[in-house]
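Trainee: Need the 3D shape of this:
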Amino acid sequence: WIQDMHWPVAIIVSNYLESISGNLTEEIIKVLETNDDIWKFNCLRLYYDQPGKINERLLIEINRIALSPTKGEKEEDVQDLAVDLIERIKNAPQQKI
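Mentor: So this is what the prediction gives:
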């Protein structure tokens with residue numbers, strides 16, 4: 001439902017997915033392996049306010065996009081978002097376990 005944020009239900013679903021984003025690694029990685037760069041952007045946006053929910057597997061994909069983006073990832077600002085997420089992770093307060 002977040003493949004196209006113009007769909008009427010997209011914002012509602014996006015808010016819900018953001019709340020459970022720490023449990024979506026496998027699904028998000030599958031999206032990041034597609035050629036749908038807008039969908040990639042929408043999926044990574046789920047983590048923007050919660051960079052602490054990005055686990056190591058997902059961080060590998062985010063780093064790949066930041067450092068070696070495809071043409072489409074550059075054109076759709078996915079690379080910029082990936083770079084921003086990496087900065088947010090670096091600046092996020094460490095969570096105590």
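Trainee: how about the helices in this structure?
Mentor: 10-19, 25-32, 37-45, 56-67, 71-75, 78-91 (DSSP state H).
Trainee: Could you single out the most deeply buried of those helices?
Mentor: helix 37-45 (a mean of 21; mean count of other Cβ atoms under 10 Å). Every residue, glycine included, has its C-beta placed from N, CA and C.
Trainee: Against which helices or strands is it packed?
Mentor: helix 25-32, helix 56-67, helix 71-75, helix 78-91 (3 or more Cβ pairs under 8 Å, 6 or more residues apart in numbering; DSSP states H and E).
Trainee: any chance of those helices in TSV, plus mean pLDDT and distance to residue 11?
Mentor: Shown next, in TSV, are the helices and strands packed on helix 37-45 (pLDDT from 0 to 100; distance: least, Cβ to Cβ, whole Å):
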stretch	mean pLDDT	distance to residue 11
helix 25-32	94	18
helix 56-67	96	23
helix 71-75	98	23
helix 78-91	95	18
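Trainee: can you put these in JSON lines and add distance to residue 6?
Mentor: Shown next, in JSON lines, are the helices and strands packed on helix 37-45 (distance: least, Cβ to Cβ, whole Å):
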{"stretch": "helix 25-32", "distance to residue 6": "18"}
{"stretch": "helix 56-67", "distance to residue 6": "23"}
{"stretch": "helix 71-75", "distance to residue 6": "18"}
{"stretch": "helix 78-91", "distance to residue 6": "18"}
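Trainee: rewinding a little: okay, the helices of the chain in a markdown table with distance to residue 3 next?
Mentor: Formatted as a markdown table, those follow (distance: least, Cβ to Cβ, whole Å):
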| stretch | distance to residue 3 |
| --- | --- |
| helix 10-19 | 8 |
| helix 25-32 | 8 |
| helix 37-45 | 5 |
| helix 56-67 | 17 |
| helix 71-75 | 15 |
| helix 78-91 | 14 |
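Trainee: Need the nearest residue in space to residue 86, chain neighbours excluded.
Mentor: Spatial nearest neighbour of residue 86, chain neighbours left out: residue 66 (5.7 Å); criterion: Cβ to Cβ, 6 or more residues apart in numbering.
Trainee: The one you found and residue 14, how far apart?
Mentor: Distance of residue 66 to residue 14, given as Cβ to Cβ, to the nearest Å: 22 Å.
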